[in-house]
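Trainee: pasting the sequence and the predicted model now:
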Amino acid sequence: MLKLREAPAPSSTPGKQGLHLLISSRDAAALQRLQAICKQVPGLQVTTRLVSNGHTDPLYGLEQFPDFLLLWVSHLWREELSALLQHPVHERPPLLVCGPLEEREGMRMAMQAGARDFLSDTVVDSELLGALQRMLRESHAGPAGAGKLIAVMNAKGGSGATMFACNLAHQLSASGASTLLLDLDLQFGSVAHCLDMAPAHSHVEVMQQIDEMDSVALRGFCSHFSPTLHVLGGRTNDLCLAQDVRLEQLEALLQLARSSYDWVVVDLPRQIDHLTGITLEQADHCYILLQQSLSHLKDASRLVHILRNDLGVQSNRLHIVVNRYNKAAPISLQDIGESLRCPDIQRLPNDFTAVSESQNSGVPLELLAPRAPISQALRTLKQELAGAEADERGLFKRTFSRIFRG
């Protein structure tokens, strides 16, 4: 039999008692310490659940799920995280994981279960408070954060990720959707050059002031290619290092961007660090670009393995794009699909003249050469992306309506 010690069920009215945080653990001492820390956060109603035996699901038997879940894992962390994974994604509350978690497998499972952050068993008060405050900010930003986050990365240098990111962002904005193009290559970003822009402000400048920013301020710091396409990147002569930006600053920027724009397209450098990692984890869609060579395929295999197994990127969010596609190339689409375990490969034709002219002039392909094969391919890819998101939103609305109309 499951033995639990629980506080009374929380009110469902956040305005009266605050958002509800449930702390679940098999360790009574850890539970008491975490509760004392969490009670310091204003606007948060904290309850605890001490699990003595029986079920490993932290949410087992609850009539009403909490707004947030803080899980102190035990030696049964695999079973506890696996139990959370059995719940549908939309039912899992935002999750923080603490405790003796085995690094690689544990982090991967925690991310797959929806963990916003994970802290060691020697948790520092300030780190836990910071993580809770970030989750509160996310909840106050409104449902689903509104905008969709698109991450673009090369499998191998020079595969065309920046060209793809710039033109995809322009295609999305040309339909009337507000779009932010964010360049996260801190040292050698070229998004602004590809659109013939000279930014007055940099992404690092924005992130260092992010706690005081709102949507109006963010739009003011961006360069405006058009009324619906805004660009945020580095300035030409600035030297920026990854350590100049803290993880929580980028998280706050992504959250604000998603609440301010319909689409956020991020051009990522070809590396895995704290900045690219959190972007890839949070992205609704990840586009990986490669070309038809053995070296590209080997690097793509390594990258896709990291995304799936270390960062928890699900296959339905992962898209492989073959740039400069050549039907006669020795590495075929079938080879790429089988190697990467991705049957649906998207392709962009080898249209060197149009792409070169676009990049040299700073004019997107849709404006420069709308009838070029690569422009048509990008248009089709954008329509598939926007159509898939529209279908998903339509399904959610139909399901929501069905549930609440009885």
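Mentor: Done, it's in.
Trainee: which residue would you name as the spatial centre of the chain?
Mentor: Taking C-alpha atoms, centre = their mean, the centroid of the chain lies closest to Q282, which sits 1.5 Å from it.
Trainee: roughly how far does it sit from L254?
Mentor: Applying C-beta to C-beta, to the nearest Å, the value for Q282 to L254 is 6 Å. C-beta coordinates here come from the backbone N, C-alpha and C atoms, glycine included.
Trainee: again, but for T48
Mentor: As for T48, its distance to L254 is 31 Å (criterion: C-beta to C-beta).
Trainee: any shared contact partners between Q282 and L254?
Mentor: By C-beta atoms under 8 Å, 6 or more residues apart in numbering, Q282 and L254 have these common neighbours: L149.
Trainee: tell me where the chain has strands.
Mentor: Under the criterion DSSP state E, the chain contains strands at 4-6, 19-25, 44-51, 68-72, 95-98, 115-119, 148-154, 179-183, 223-226, 229-232, 263-267, 285-290, 318-325, 345-349.
Trainee: ramachandran angles for the closest residue to L239 other than its chain neighbours?
Mentor: Closest residue to L239 apart from its sequence neighbours, by C-beta to C-beta, 6 or more residues apart in numbering: Q187 at 7.1 Å. Main-chain dihedrals, Q187, degrees, to the nearest 10: phi -110, psi -40.
Trainee: pLDDT score for Q187?
Mentor: Listed pLDDT for Q187 reads 82.
Trainee: counting neighbours, what do you get for it?
Mentor: Per other C-beta atoms under 10 Å, the neighbour tally for Q187 reads 11.
Trainee: and if you look at L365?
Mentor: L365 has 25 neighbours, counted by other C-beta under 10 Å.
Trainee: the residue nearest to it when sequence neighbours are not counted: what's it in contact with?
Mentor: Nearest residue to L365, sequence neighbours excluded (C-beta to C-beta, 6+ apart): S375, at 4.6 Å. Neighbour list for S375: A354, L365, E366, A369 [criterion: C-beta under 8 Å, 6+ apart].
Trainee: just P349 next, same as before
Mentor: Counting by C-beta under 8 Å, 6+ apart, P349 touches R324, Y325, P373, I374, A377.
Trainee: go again with 6 Å.
Mentor: When contacts are counted by C-beta atoms under 6 Å, 6 or more residues apart in numbering, P349 is found next to Y325, P373, I374, A377.
Trainee: quick check: domain ranges of this structure?
Mentor: Split into domains by automatic domain parsing, the chain comes to 4-140, 144-402.
Trainee: by neighbours, which of the contacts of S375 wins?
Mentor: L365 (25 neighbours).
Trainee: show the pLDDT at that one.
Mentor: Reading off the model, L365 has pLDDT 95.
Trainee: pretty sure it contacts L168?
Mentor: No: applying C-beta atoms under 6 Å as the test, L365 and L168 come out as separate, 10.4 Å apart.
Trainee: quick one on the thing from earlier: wait, which of the contacts of S375 is closest to F65?
Mentor: E366 (44.7 Å; C-beta to C-beta).
Trainee: OK, contacts around that closest one?
Mentor: Neighbour list for E366: H170, S375 [criterion: C-beta under 6 Å, 6+ apart].
Trainee: can you give me the distance of the nearest residue to I336 once chain neighbours are set aside to V231?
Mentor: Closest residue in space to I336, ignoring its immediate chain neighbours: I345 at 5.8 Å, by C-beta to C-beta, 6+ apart. The gap separating I345 from V231 is 29 Å, by C-beta to C-beta.
Trainee: looking at those two, which is more packed in?
Mentor: Applying other C-beta under 10 Å to I345 and V231 shows that V231 carries more neighbours, namely 24 against 17.
Trainee: from G189, how far off is the more buried one?
Mentor: Separation of V231 from G189 (C-beta to C-beta): 10 Å.
Trainee: swap in C38?
Mentor: C38 is 39 Å from G189, by C-beta to C-beta.
Trainee: so those two - more neighbours on which side?
Mentor: Remark: of C38 and G189, G189 carries more neighbours, 24 against 21, as counted by other C-beta under 10 Å.
Trainee: show me the contacts for that one.
Mentor: Neighbours of G189 in contact, by C-beta under 6 Å, 6+ apart: D183, G233, G234.
Trainee: okay, now Q133: neighbour count?
Mentor: Q133 is flanked by 15 other residues according to other C-beta under 10 Å.
Trainee: now it. Nearest residue, chain neighbours left out?
Mentor: Leaving out its chain neighbours, the residue that sits closest to Q133 by C-beta to C-beta, 6+ apart is V41, at 6.7 Å.
Trainee: which parts of the stretch 301-406 of the chain are helices?
Mentor: Assigned helices in the stretch 301-406 of the chain, in chain order: 333-340, 352-361, 365-368, 373-405 (criterion: DSSP state H, counting those that start in this stretch).
Trainee: now the second one against strand 345-349, angle please.
Mentor: Spelled out, that is helix 352-361. Interaxial angle, helix 352-361 versus strand 345-349 (axes from the mean of the first three to the mean of the last three C-alpha atoms, to 10 degrees): 80 degrees.
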